[in-house]
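Participant: The following block contains a protein sequence and its predicted model.
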Amino acid sequence: MRGDRPARAAATTLRRGPSWLVTVAIAATALTAIVEWRLLAATGLVRSFYTDESANQPASSARTRNIDLAFLEPGEVRAGSSFRVWWGGFWYAPSDRTFDLTVHTSGRVEVVVDGRTVISHEATDAASVVGQTVSLSKGAHALI
């Protein structure tokens, strides 16, 4: 009988082995889903609004998918006053392709993709339209 026990213990261990692996696989799958959900929830750009061009701290920051001034309340910025808005985040290109960037501005603008300045313009009139074609490979690209 005693010679029987080690064989039973080994058989029990083998039966527990695969169920332990299944439990780990299920936990890893659930963890991956949670991490992906958290990352998807944080997509978009971060917009920082500075009430003065020389301010070091933004007056407000928010996550957005748009690069525009629609977030400004009427009268928040008076004509002739200076302010600064910074957008930063990642731009995902679904495939290798070119993109046409167009900026409507009445002040200084700079667009940097992957550390490379693709648009830099100082408006000299009331309003300007500046454009540039940018080639991006498939994947994420830093945009500031």
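Facilitator: Everything's here; your move. Numbers count the residues shown, from 1 in each chain.
Participant: Which parts of the protein are helices?
Facilitator: For the chain, the helices defined by DSSP state H cover 4-41.
Participant: all strands of it, in order?
Facilitator: With DSSP state E as the criterion, the chain has strands at 45-50, 60-64, 84-93, 97-105, 108-113, 116-122, 128-136, 139-143.
Participant: so of those strands, which one's packed in deepest?
Facilitator: strand 45-50 (a mean of 18; mean count of other CB atoms under 10 Å). For the C-beta atoms, the positions are set from N, CA and C on the backbone; glycine is no exception.
Participant: my guess is A140 contacts V113, does it?
Facilitator: No: with contact defined as CB atoms under 8 Å, A140 does not reach V113; the gap is 11.0 Å.
Participant: Overlap in contacts, these two.
Facilitator: Common neighbours of A140 and V113, using CB atoms under 8 Å, 6 or more residues apart in numbering, are W91.
Participant: just to revisit the earlier point, tabulate the strands of the chain (a markdown table), appending distance to L72.
Facilitator: What follows is those, written out as a markdown table (distance: least, CB to CB, whole Å):
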| stretch | distance to L72 |
| --- | --- |
| strand 45-50 | 8 |
| strand 60-64 | 10 |
| strand 84-93 | 9 |
| strand 97-105 | 15 |
| strand 108-113 | 16 |
| strand 116-122 | 21 |
| strand 128-136 | 19 |
| strand 139-143 | 21 |
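Participant: okay, those strands in TSV with distance to G75 and mean pLDDT next?
Facilitator: Below are the strands of the chain laid out as TSV (distance: least, CB to CB, whole Å; pLDDT from 0 to 100):
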stretch	distance to G75	mean pLDDT
strand 45-50	15	89
strand 60-64	16	88
strand 84-93	17	87
strand 97-105	21	88
strand 108-113	23	89
strand 116-122	26	90
strand 128-136	25	90
strand 139-143	30	88
